[in-house]
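Enquirer: Give me the fold of what follows.
(one chain, ligands or ions: 2)
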Amino acid sequence: MSDSIILGIESSCDDTSAAIIKGNCILSNIAANQAIHKEYGGVVPELASRAHQQNIIPVVEKSITKANIQQNAISAIGFTRGPGLLGSLLVGTSFAKSLAMSLNVPLIEVNHLQAHILAHFIEDANPMPPQFPFLCLTVSGGHTMIVLVKDYFDMEIIGKTIDDAAGEAFDKIGKIFDLDYPAGPIIDRLAKEGNPDAFTFNKPRMENYDYSFSGIKTSVLYFIQKEVRKNPDFIKENLNDLCASVQRTIVEILMAKLEKAAKELNVKEVAIAGGVSANSALRKAMEDNHEKLGWNIYIPKFEYTTDNAAMIAMVAQLKYERGEFTDMKTSATAKYDL
Ligand code: KG4
Ligand code: ZN
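Expert: Ligands and ions are numbered 1, 2, ... in the order given. Next comes the predicted model:
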């Protein structure tokens, strides 16, 4: 891999992030998280795009300072073109375009989902990078899919959710429990003190490698409504057990399809990616399958799980080597296939 220095910019949802990569080594990875959405229990697109506008310059400046490089050492600028919230993507896209123009360097568009997966090729992401072909369970707030990764830019979605994403299920169920947004990490923490077998929730019966998570949300909602009628303090008194049981159910649903795919496709290289890959029960289930099924597993470092620009810079580096540049006339896109 060349040791060119590239700036990556991520602004697809509610994190403004900038990172500097040299070869596949991350020199800086800065993120400004938008606390404002907590008050609304979810991401408010207009507020997100306004916060990106406020954050982008200081975040990019900080990434350059932290990397200890001069602006003129940057060989190219990578940015998230999609998928994501259009207003948010527009901020990163316009900024990347103007900076590339003023520095007179190539512009490189990056698919956010590919970036979650290719984050595994960052130097310190794994002791060894995954070998092609590998399976990657890509689980975030907006997406849940099993991807067969045949090469860096040859990916096939073999199964995906037909409704809610797994992260969305964590967040919506967290809302029922009156937890802050995003609830995924909070449920993970509370589950540590709970009994995962305390409550049982229905699991979907889906064809092939597809998922569905709207049923579990409804099943939790009805169960809670029924119990709260009998005891108004039911959630408070059982919060740890509720979180542990919900987490167990979601992880079992995710793993069952991943195991089926690994077995039927005869692939033993298995990775997870995306925000939900930070979940401790999911990580533990992967480790168990390394022991039980002999999988070679790839679990991202925490800083590369939720949205970050390091993964964007990584993809930009791979495209830079291939000479895949983007025209300055490009625009952001809310939908963007793998
Ligand atoms: O990849 P990401 O940062 O943004 C999207 O592209 O969607 O993923 C965010 C999602 C949220 O739904 C959040 O609740 C979930 O990842 N998440 C977790 C954990 N950490 C983040 N879900 C379960 N357990 C966690 N530890
Ligand atoms: Zn993401």
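Enquirer: okay, CA-based contacts and neighbour counts for the rest of this
Expert: Noted.
Enquirer: what about residue 9, how many neighbours?
Expert: 35 (other Cα atoms under 10 Å).
Enquirer: Please name the residues that touch it.
Expert: Contacts here follow Cα atoms under 8 Å, 6 or more residues apart in numbering; on that basis residue 9 touches 16-19, 60, 77-80, 92, 96, 309, 312-313.
Enquirer: would you turn these into TSV with neighbour count?
Expert: TSV is the format used below for the contacts of residue 9 (neighbours: other Cα atoms under 10 Å):
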residue	neighbour count
16	31
17	27
18	33
19	30
60	23
77	28
78	33
79	31
80	31
92	27
96	25
309	36
312	35
313	37
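Enquirer: which pair in the residues you listed spans the largest distance?
Expert: 16 and 77 (15.3 Å; Cα to Cα).
Enquirer: Can you give me the end-to-end span of stretch 147-159?
Expert: Taking Cα to Cα, to the nearest Å, stretch 147-159 runs 7 Å from one end to the other.
Enquirer: residues making contact with it?
Expert: 114, 118, 132-138, 145-146, 208-211, 338.
Enquirer: Narrow those to just the buried residues.
Expert: 114, 118, 133-138, 145-146, 209-211 (16 or more other Cα atoms under 10 Å).
Enquirer: Kindly indicate which of these lies nearest ligand 1.
Expert: residue 138 (8.7 Å; Cα to the nearest ligand atom).
Enquirer: three-state assignment of that closest one?
Expert: strand (DSSP: H, G, I helix; E, B strand; the rest coil).
Enquirer: which residues does it bridge with?
Expert: Judged by DSSP bridges, the bridge partners of residue 138 are residue 145, residue 273.
Enquirer: Can you check what pLDDT the model gives it?
Expert: Residue 138 is assigned a pLDDT of 98 by the prediction.
Enquirer: Same check on the one 4 residues further on?
Expert: The predicted structure scores residue 142 at 91 on the pLDDT scale.
Enquirer: try residue 44
Expert: So residue 44 comes in at 80 (pLDDT).
Enquirer: Hmm, residue 37 and it touching each other?
Expert: Yes - counting by Cα atoms under 8 Å, residue 37 is a contact partner of residue 44 at 6.4 Å.
Enquirer: Do I have it right that residue 325 meets residue 107?
Expert: Yes - using Cα under 8 Å, residue 325 is in contact with residue 107, at 5.8 Å.
Enquirer: out of these two, which sits in the more crowded spot?
Expert: residue 107 (27 against 17).
Enquirer: Okay, and the beta partners of the more buried one?
Expert: Beta-bridge pairing for residue 107 (DSSP bridges): residue 77, residue 326.
Enquirer: In contact with it, which residues?
Expert: 76-79, 96-97, 100, 325-328.
Enquirer: any idea how far residue 333 is from residue 160?
Expert: 20 Å.
Enquirer: which of the buried ones among the contacts of stretch 147-159 are close to ligand 1?
Expert: Filtering these for neighbours of ligand 1 using Cα under 6 Å from any ligand atom leaves an empty set.
Enquirer: I'd like to know which of these is nearest to residue 203.
Expert: Closest to residue 203, out of all of these and judged by Cα to Cα, is residue 211, at 10.1 Å.
Enquirer: Where does pLDDT dip in the stretch 201-338 of the chain?
Expert: The stretch 201-338 of the chain contains no residues with pLDDT under 70.
Enquirer: near ligand 1, which residues of it show up?
Expert: Counting by Cα under 6 Å from any ligand atom, the stretch 201-338 of the chain sits next to ligand 1 at 274-276, 278-279, 306-307.
Enquirer: Which parts of the chain are strands?
Expert: Assigned by DSSP state E, the strands in the chain fall at 5-10, 15-22, 25-33, 76-82, 107-111, 134-139, 144-151, 154-160, 269-273, 296-298.
Enquirer: Outline the domain layout of this protein.
Expert: Split into domains by automatic domain parsing, the chain comes to 5-119+305-321, 130-299.
Enquirer: from the middle of its chain, how far away would the longest one be?
Expert: In terms of Cα atoms, centre = their mean, to the nearest Å, the gap separating the centre of domain 130-299 from the centre of its chain is 13 Å.
Enquirer: same thing with the shortest one?
Expert: On the basis of Cα atoms, centre = their mean, the separation between the geometric centre of domain 5-119+305-321 and that of its chain is 14 Å.
Enquirer: Dihedrals phi and psi, the most centrally placed residue in the chain?
Expert: For the chain, the residue nearest the mean C-alpha position is residue 274 (2.4 Å; Cα atoms, centre = their mean). When read as degrees, to the nearest 10, the backbone of residue 274 gives phi 100, psi 170.
Enquirer: contacting residues around it?
Expert: 116-117, 138-140, 304-307.
Enquirer: go with 6 Å
Expert: 116, 138-140, 305-306 (Cα atoms under 6 Å, 6 or more residues apart in numbering).
Enquirer: The stretch 51-200 of the chain against ligand 1: which residues are in contact?
Expert: So far as Cα under 6 Å from any ligand atom goes, the stretch 51-200 of the chain lies against ligand 1 at 140-142, 167-168, 170-171, 182-185, 188.
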